[in-house]
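When you get a sec, could you give me coordinates for this:
(chains A and B)
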Amino acid sequence: MTATSQHHATSSPAEHLDSTTVISWKAPISFAVVTALLAVLFLTTRHSGDAVFRLSAPRDLIQIPEIVLNGPVTTWTCVVLLTAITAAAAALVRAKRRVPLWVVVIFAVIGLVAFLTWAAAGARTPVIPLPGLLAGALSLSVPLIFGALCGVISERVGVINIAIEGQLLAGAFTSAVVASVIGQQWLGPIVGLFAAAISGVLVAFVLAAFSIKYFVDQVIVGVVLNVLVIGLTSFLFSQVLAPNAALLNSPPRLQRIPIPLLSEIPLIGPMFFRQTLIVYAMYVIIVLVYIGLFHTRWGLRLRSVGEHPQAADTVGINVARTRFWNVSLAGAIAGFGGAFFTLGAVGAFNKEMTAGAGFIALAAVIFGQWDPIRATLAALLFGFASNLQNTLSVIGSPVPSEFMLMLPYVVTILAVAGFVGKVRGPAAAGKPYIKS
Amino acid sequence: MSDRYDPDVALETGAQVPPDEPVIEKEPEPGEPSRWQQALRQIATGNAIISVLAVLLALVVGAVMIAFTDERVQAASGYFFARPGDTFVAIWDSVAGAYSALFQGAVYNFRRDDFISGIRPLTETLNFATPLIAAGLGVGLAFKVGMFNIGGRGQMLLAASAAGWVAFSFDLPFGVHMIVATVAGIVAGALWAGIAGVLKARTGAHEVIVTIMLNYVAFYLVSWMLRTQGLLQAPGTNNPTTPPMKDTAIFFDLLGPRFNLHFGFILSIACVVLVWWILERSSLGFQFRAVGLNPKAARVAGINVNRMYVYGMLIAGALVGLAGVDQVLGTVTTGFSSGIDAGIGFDAITVALLGGSNPWGILAAGILFGAFKAGGFAMQAAEGVPIDIVLVVQSLIVLFIAAPPLVRAIFRLPQPGSKPKKRTRSTRKEEVAAK
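Numbering: from 1, shown residues only, chains lettered A, B, ... in the order given. Sure, this is the predicted structure:
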C-alpha cells in the first residue's frame, strides 16, 4: 500500500513510459502561438501611451508608489522575453527534457504584464488598480474553489460529481433563507453557513444513494440533480421567497474581518486577510483537504477506493461506506461554498444565481488534475480572468468586452489541449463497485 | 500483483460488471401455478411499468410541492383542527387545478368548442418537442460514442446564427433558401462540436471541459456579432437582435396557418430514423457503439477510435445544430437575440437520458418534455404555478427511471428474478450471496 501514498499518482504511469516516448512539443507550440498572437495584436493596434500600475489602495497603511511603464517599450520587451522562453522550451524539448511548471508560470506572468500594459496604454484612464483586480479575482474564485475541492474529494473516492452546481445552488438558497429567518448580525449568517453545508450534504446523499446503492450512472444522477435543484430553488423562489422577501430573502451579509498586521501587508494583505469568515474557512479547508488526502490514513483509504476499489476491499476497507461518507463530506464543502453567493457577496438569493459556477469548478478539477492545490490554482485563474474583464471594461479598454469575457474560456481550452493534455483521473471514478 | 502493474489494466478489471440496468428475466419461474399470475408478474417486473410509475411518482411529488406552497392551502391549514375538510378541499383545488391546466395546455383543451381549436395544445406540444428531439438525438448519439456533449448551448447558438444569417441576408427562391439556411446551420453546429471532437482525438482534451468552455465562447461570440453592424445586428437599431427572417427561408406550417407546427418536426422525425439507422444498421454506428462500450477493445479490433470521436462529435453537433435551426426558422422567425437557445441544449441532456440514448426513446422523451413545456406555460398562466415545477417533475422522472429497484421498493413490486410470493428487498444482495 505504500506505493499509493506517493504524492503524484499521475506521474507513475509516465515512469513506465519514459524509455519509449514522451517528448511533447505541446508546450513550445502553445508558447509560440501565444507569443505570435500577442505580437500581431501589438503590431496591428499600437498604443503609445504609458500604463500606470497602482499597487496600493488609498486606505492602505503602507503606500507603495505607482509603477509607470511605457507602452511600446514594455510590450516589445515582453515579446522578446516570451520569444526567448519559447526558444528555451523548444531547446528543452529537443534535449528530451520536460518543460517545468515554473517556466509556464513565468511565461504566463510576462504575457499578462505585456497584455495589461498594452490594454491600459490605449485606455481612457491608463491606470490598472492591482489591489482591486486581485481582490475581485479572489472573491470570484471563492465558490469555484469550494466547488473544485468538492469535486476533487468525490472523484478521488470514485464518484464523478457533476452535481457541484446543484450543491452550490442549494447552499446559496438555504443559507439565504436560514440567515434571513434568524436575522441578527452574526448568529444568522453563521447558522446559515451550517445550514448551507447540510443542504449540500442532502444533495450529496441523493447522489451517493443513487450511484452507490442503485448503481445508476453517476453522470446521469449528477446532471439530473442539477436540474432538480435548479427547479426546486426556482420554484420555491417564485412561489414562496419572492412574495415574502422581507422575511425570507433578506439575509444579513457576513462582515469582513481584517486580521491585524497581516491585512496591512502591501498588495496581498487586503486581498487575503481583509475577508469574510467564508474565505478564512476556505484557507483552512484547502490546507485540510491537501494534508488529509496525501498525508493521512483517511486520504490513503479514500484514494485507494477511487483507484482500485477491489484492492481496497481486499484489505478490509468498506468501499460503499467510504464512498458514501466522503461524497457527503464533499457535498458539505460545496454547500458551504454556495453560501458565498448570498451571505458573502450579493445578499439576497436569486434564480439560478450560481450561473454555471459548478461547471467551471468541474473544469478546474480536471484542469488541476484532481489535486486540491492545483485545482485551487486553476479556480483562481478562472476567477482572475473573469475579473480582468471587469477591470478592463471599467478603465475603457480597446478590446470588445465580449472577447475579454471569452478569454478565460479560450485559455482553458488551450490549456487543456496544450499544457494538460491527456490527464488521467482516478481510475475507478464513475464506475460503481459491485462486491463479488 | 506484479510490480509491472498497469493502472490501465486495473481500470478494466476494477469494475467488472457494467451495471447500468439490472438484468431482467422475462421468463417466469418454472412450475408457476396460473397463467394469469405469470402475466401479472411479467407486467409487474417489466420496464414499461417502471416508466409509468416513475412518471406517477414524480407527479405526486410535484403535487405535494404545489399543495404546500399554495396560499389557499396555507390559509386553510391555519384552522386545520377546526375544519380539516377545508384544507383537503384547498389541496385538491390547487393540485387538480394545476394538473388539469397542465393537461389542457399540453394535449386537449376541453374549454374550446370545436375539435380544431381544442387539439391546438397537442400541436404546441409537438412544436416544443421538435428542437428537443433533434438536440436530444445529438446528446444521445454522443453518449453512444462514450462522450458527454454538454455543449448543446454553444452548438445551437452557432447554428442559429449561421442559419439566421443566411435566412435574413440572402435572396433565394422559396425552398432553396430554406435548404441552404438549414444546411448552413447544421454545418455550423457540426463544426463547433467538431472542435471538441478533434481536440479530444488529437490532444486528449476532456470533451466535458471543452464543450462547457465552447458554450461560453459561443455565447460571447454571438453576443458580439449581435451588436456589430454588418454581422448579425439588424440595420439601424441599437438592440442586439437580428432582422426578421425572409419568408422564403422560414419552415412552412404543416397544418395551415392556425397551428404553429412547422416543417422542422418532419426533419426531427427523419433524424430519429436516420440516427436509428446509423446506430443500428450501419458500419459506422457499429464502430460508434464499440468505441462507446470499450475504447480499448475497439482499438484492438482495428477501429480508429480517434476518428470515431471526431465523427461522433460532428454528427452530434449537426443534430444539435438542427435544433438551433428549428429555433430561428420555425419558432422565433422575427429576429433573435442571444437567448435563442432557450435552454434546449441542457434540456436535451435530460431528454437523452430519459430516452436511454436510443432514438425512439428520445422521440418519446422529447414529446413528453415538449408536453411538459407547453403545459407548463399554460399552468403558469392559468393557475399561477411557476413553470419551474416542470423542471422538478422532469428531473424526478429521469431519476426514478434510472433506478428501477427504488421504484419497485416504493410500490412493493416484486424484483425481477426473485421468487414469487417471497418479497426480497434487493436482488443485488441475492446475486452477491449466490456468488
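
what helices or strands is the longest helix seen in chain A leaning on?
Ranked by number of residues, the top helix in chain A under DSSP state H is helix A:130-156. In terms of contacts (3 or more CB pairs under 8 Å, 6 or more residues apart in numbering or on different chains; DSSP states H and E), helix A:130-156 is packed against strand A:50-54, helix A:164-182, helix A:268-273, helix A:277-295, helix A:297-307, helix A:319-339, helix A:357-367, helix A:372-395. For the C-beta atoms, the positions are set from N, CA and C on the backbone; glycine is no exception.

which residues of chain B fall in strands?
Ranges of strands in chain B, per DSSP state E: none exist.

middle-most residue in it, spatially?
Central residue check for chain B by CA atoms, centre = their mean: the C-alpha nearest the mean position is that of B:Val351, 1.6 Å away.

how much space is there between that residue and B:Val320?
11 Å (CB to CB, to the nearest Å).

Now for the two: what residues contact both?
B:135, B:139 (CB atoms under 8 Å, 6 or more residues apart in numbering or on different chains).

A:Ala208 contacts A:Val159, doesn't it?
Yes - counting by CB atoms under 8 Å, A:Ala208 touches A:Val159, with 7.0 Å between them.

So which of the two has more stuff around it?
A:Val159 (30 against 26; other CB atoms under 10 Å in any protein chain shown).

How about the contacts made by the nearest residue to that one once chain neighbours are set aside?
Nearest residue to A:Val159, sequence neighbours excluded (CB to CB, 6 or more residues apart in numbering or on different chains): A:Val327, at 5.0 Å. Shown in contact with A:Val327 (CB under 8 Å, 6+ apart): A:153-154, A:157, A:159, A:161, A:204, A:207-208, A:212.

low pLDDT regions in the stretch 301-435 of chain B?
B:417-435 (pLDDT under 70).

Near chain B, which residues of the stretch 251-400 of chain A are found?
By CB under 8 Å from any CB of the partner chain, the residues of the stretch 251-400 of chain A that approach chain B are A:307-311, A:351, A:356, A:359-360, A:362-363, A:366-367, A:400.

If we use 10 Å, what do you get?
The stretch 251-400 of chain A has residues A:307-312, A:351-352, A:356, A:359-360, A:362-367, A:389, A:400 near chain B, with proximity defined as CB under 10 Å from any CB of the partner chain.

Buried ones from the residues you listed, can you make that a ChimeraX selection?
Those of these that count as buried under 16 or more other CB atoms under 10 Å in any protein chain shown are selected in ChimeraX with:
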select /A:307,308,309,310,311,312,351,359,360,362,363,364,365,366,367,389
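
got the contact list for the residue nearest to the centre of chain B?
Shown in contact with B:Val351 (CB atoms under 10 Å, 6 or more residues apart in numbering or on different chains): B:129, B:132-137, B:139-140, B:344, B:361-370, B:394, B:398.

and whichever residue of the stretch 151-300 of chain B sits closest to chain A, how far is that from B:Trp192?
Relative to chain A, the nearest point of the stretch 151-300 of chain B is B:Gly204 (3.2 Å; CB to the nearest CB). Going from B:Gly204 to B:Trp192 by CB to CB gives 20 Å.

Give me the more crowded residue out of those two.
B:Trp192 (29 against 15).

Surely the more buried one is in contact with B:Met213?
No - with contact defined as CB atoms under 10 Å, B:Trp192 does not count as touching B:Met213 (11.8 Å).

shared neighbours, those two?
Shared contacts of B:Trp192 and B:Met213, counting by CB under 10 Å, 6+ apart, come down to B:151, B:154.

How about the residues of the stretch 101-250 of chain A by chain B?
Close to chain B, as judged by CB under 10 Å from any CB, the stretch 101-250 of chain A has residues A:158, A:160, A:162, A:166, A:206, A:209-211, A:213-217, A:219-221, A:223-240, A:242-243.

Only whichever of the residues you listed are buried, select them in PyMOL.
In PyMOL syntax, the buried subset of those is picked out as below (16+ other CB under 10 Å):
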select buried, chain A and resi 158+160+162+166+206+209+210+211+213+214+215+216+217+219+220+221+223+224+225+226+227+228+229+230+231+232+233+234+235+236+237+238+239+240
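
Take the residues of the stretch 101-250 of chain A next to chain B and keep only those in helices.
A:166, A:206, A:219-221, A:223-236.

Excluding sequence neighbours, find me the nearest residue to B:Ala63.
B:Val95 (4.5 Å).
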